[in-house]
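Trainee: Below are the sequence and a predicted model; questions follow.
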Amino acid sequence: MNLGLTAFFSEQIEQLEDKYKKYVPARVVLEHKHSYRVISEHGEWLATIAGNFAYNAFAREDYPAVGDWVLVEQMPGEEKAIIHKLLQRKSVFSRKVAGLEIEEQIVAANVDIVLLVMSLNEDFNIRRLERYLVAAWDSGATPVIVLTKADLCDDVAHYVSEVESIAFGVEVIVTSVVTGIGFERLSELFPAGVTGALLGSSGAGKSTLTNALLGTAHMKVSSIREDDAKGRHTTTHRELVALDSGGCLIDTPGMRELQLWNQSDSLAASFQDIEQLMEQCRFRDCTHKGEPHCAVQKAIDEGVLESARLQSYFKLQRELAYIERKTDAQAKQAEQRKWKQISKGMKSNKKYK
């Protein structure tokens, strides 16, 4: 079983200190409040983190997430294991946790492809897709857009054209479990060693895609609600599954609203059409909100750029600026607490000398 143990991770293991050589590499397939289900070539175990691991973990990103590679010690005679080491990630898809708290939540780690799933019905939302693309580019993985339920859509070409107008250079795959279109191409994306993550809102068809790629009814699925065409929430946890092709797939709970996490660099990549127009404005400090000779507003007037896309850009820009200010303030406070604790320890040592 390959599970994506590529040279990136094998080389890390080879370079570790000798004390880690006795442990087994395993991949996290399920996570539940610091309790994990891991799988290795020797078996599948329920795992918890070692005490020393917990002592040195300060932030959420220091703990394992679904898709991570870890080094574990199997407990003798039990189907349990202890996690001693988290290997460096090659990619990570993150978002801000729901609510007012400013904290990172890792949705999926070590993915090569991010499948952004959206259904071709009334739940189709191009502004939401813009948001997902920003996060996907920032993850380090390659985004692929999957449009589902094509059998329920009368004008697929219109939606594909709308997607292509905002997703520059991103592959778009149209699928239908009723007709079977698109699944041959999806299967080609997952040869041995490749890991993908399915991301999208509730009822977009992620679990149905997983079942189709697996060839089983592994994931529970629900039909869409007839009153508003929105899907029922089905998947309640993130889970990594192995495909017959040798690849892996991570299904995730639906996210009606994806709150971004510190992804300002990827904003420019996702809105490169607007960024290029901004460079053509006469005034360098142009805010693109009414100044003369503004190339952005001119593009809107000429029908080249949607006003709604520009407003989406401004909204995401404000959101990311807010996150950046808050995380900077939190980092400073954490540093102050750290040095205060060190200072107290030094004073305590002097007292007892």
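Mentor: Happy to help now that I have it. Predicted model only: the values in this text are computed from it and were never measured. Numbering: from 1, shown residues only.

Trainee: where exactly do the strands run in the stretch 101-250 of the chain?
Mentor: For the stretch 101-250 of the chain, the strands defined by DSSP state E, counting those that start in this stretch occupy 104-109, 113-119, 142-148, 171-174, 195-200, 239-242, 248-251.

Trainee: for these, which one sits closest to Cys286?
Mentor: Closest to Cys286 of these is strand 142-148 (C-beta to C-beta; 29.9 Å). Heads up, the C-betas are built off the backbone N, CA and C, glycines and all.

Trainee: what pairs with the closest one, and is each one parallel or antiparallel?
Mentor: In the sheet containing strand 142-148, its partner strands are strand 113-119 (parallel), strand 171-174 (parallel), by DSSP bridges.

Trainee: angle of it against strand 195-200?
Mentor: 50 degrees (axes from the mean of the first three to the mean of the last three C-alpha atoms, to 10 degrees).

Trainee: Only alpha carbons, please: show strand 142-148 as PDB.
Mentor: Extracted in PDB, the C-alpha atoms of strand 142-148 (Å, rounded to 0.1, in the frame of the first residue of the first chain):
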ATOM      1  CA  THR A 142      -2.900  22.200  -8.000                       C
ATOM      2  CA  PRO A 143      -6.600  23.300  -8.200                       C
ATOM      3  CA  VAL A 144      -9.000  21.400 -10.500                       C
ATOM      4  CA  ILE A 145     -12.600  22.600 -10.700                       C
ATOM      5  CA  VAL A 146     -15.300  19.800 -10.800                       C
ATOM      6  CA  LEU A 147     -18.800  20.800 -11.900                       C
ATOM      7  CA  THR A 148     -21.300  18.100 -10.700                       C
END
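
Trainee: What's the local residue count around Arg238?
Mentor: 23 (other C-beta atoms under 10 Å).

Trainee: For Asp18, find the nearest of the strands of the stretch 101-250 of the chain.
Mentor: Closest among these, using C-beta to C-beta: strand 104-109, at 26.2 Å.

Trainee: tell me the angle that closest one makes with strand 195-200.
Mentor: Note on geometry: by the same axes, to 10 degrees, strand 104-109 and strand 195-200 are set 130 degrees apart in direction.

Trainee: other SSEs contacting strand 104-109?
Mentor: Under the contact criterion of 3 or more C-beta pairs under 8 Å, 6 or more residues apart in numbering; DSSP states H and E, strand 104-109 touches strand 92-96, strand 195-200.

Trainee: and Ala321, what element?
Mentor: Assigned by DSSP states H and E, Ala321 belongs to helix 307-351.

Trainee: coming back round to it: could you say which one of the helices and strands packed on strand 104-109 comes nearest to Ala212?
Mentor: Closest of the helices and strands packed on strand 104-109 to Ala212 is strand 195-200, at 11.5 Å (criterion: C-beta to C-beta).

Trainee: Show me the contact partners of the closest one.
Mentor: For strand 195-200, contacts defined as C-beta atoms under 8 Å, 6 or more residues apart in numbering pick out 4, 67, 93, 107-108, 110-118, 132, 136, 141, 189-190, 206, 209-210, 240, 247-252, 254-255, 258.

Trainee: Dump the C-alpha coordinates for the strand or helix carrying Ser10 into PDB.
Mentor: Using DSSP H and E, the element containing Ser10 is helix 7-14. What follows is helix 7-14, C-alpha atoms only, in PDB (Å, rounded to 0.1, in the frame of the first residue of the first chain):
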ATOM      1  CA  ALA A   7      10.600  10.600  -1.800                       C
ATOM      2  CA  PHE A   8       9.700  14.000  -0.100                       C
ATOM      3  CA  PHE A   9       8.800  12.000   3.100                       C
ATOM      4  CA  SER A  10      11.200   9.100   2.700                       C
ATOM      5  CA  GLU A  11      14.200  11.500   2.600                       C
ATOM      6  CA  GLN A  12      13.000  13.200   5.700                       C
ATOM      7  CA  ILE A  13      12.900   9.800   7.500                       C
ATOM      8  CA  GLU A  14      16.400   8.900   6.400                       C
END
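
Trainee: Cool, thanks, talk later.
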